[in-house]
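Undergrad: I would like the atomic coordinates for the input below:
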Amino acid sequence: MAKPLTDDECKDILIQAMEWSKNTSVTVFNDFVNIAHNSFSEDINYSKVDFFKYGYKELVMFGECLSLFNDRGYHQVTKLIDYVLDYVE
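TA: Prediction:
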């Protein structure tokens, strides 16, 4: 089994996805945040991802973002997302 990622490694994954999304027309970071921050009270259609616009690189990035849940719960992942949203723009 792989060694758990550190918080800094998790932040790096999110930052890389954010920077990629800023420089391309594919919104990997926004798609992940919409899913990860989705609550049951929100419109479920809002969190759908159009994977047809994704290439190989974007699919790998999205998978890396999802992998943050391997060793962390919902609240830990949303704290990491909030950190990146608050401090990396």
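
Undergrad: now do stretch 33-48: distance from first to last residue.
TA: With Cα to Cα, to the nearest Å as the measure, stretch 33-48 spans 11 Å from end to end.

Undergrad: okay, the helix or strand hosting Asp12 in PDB with CA atoms only?
TA: Assessed by DSSP states H and E, Asp12 sits inside helix 7-23. Output of helix 7-23 as PDB, limited to C-alpha atoms (Å, rounded to 0.1, in the frame of the first residue of the first chain):
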ATOM      1  CA  ASP A   7      -0.900  17.900   3.600                       C
ATOM      2  CA  ASP A   8       1.700  19.700   1.600                       C
ATOM      3  CA  GLU A   9       1.600  17.000  -1.200                       C
ATOM      4  CA  CYS A  10      -2.200  17.300  -1.200                       C
ATOM      5  CA  LYS A  11      -2.000  21.100  -1.500                       C
ATOM      6  CA  ASP A  12       0.500  20.700  -4.400                       C
ATOM      7  CA  ILE A  13      -2.000  18.400  -6.200                       C
ATOM      8  CA  LEU A  14      -4.800  20.900  -5.800                       C
ATOM      9  CA  ILE A  15      -2.500  23.900  -6.800                       C
ATOM     10  CA  GLN A  16      -1.400  22.100  -9.900                       C
ATOM     11  CA  ALA A  17      -5.000  21.400 -10.900                       C
ATOM     12  CA  MET A  18      -5.900  25.000 -10.200                       C
ATOM     13  CA  GLU A  19      -3.000  26.400 -12.300                       C
ATOM     14  CA  TRP A  20      -3.800  23.900 -15.200                       C
ATOM     15  CA  SER A  21      -7.400  25.000 -15.100                       C
ATOM     16  CA  LYS A  22      -6.400  28.700 -15.300                       C
ATOM     17  CA  ASN A  23      -4.300  28.100 -18.300                       C
END
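
Undergrad: just the helices in this protein please.
TA: 7-23, 28-36, 56-66, 74-87 (DSSP state H).

Undergrad: quick one: low-confidence parts of the protein?
TA: Under the criterion pLDDT under 70, the flagged ranges of the chain are 1, 38-47, 89.
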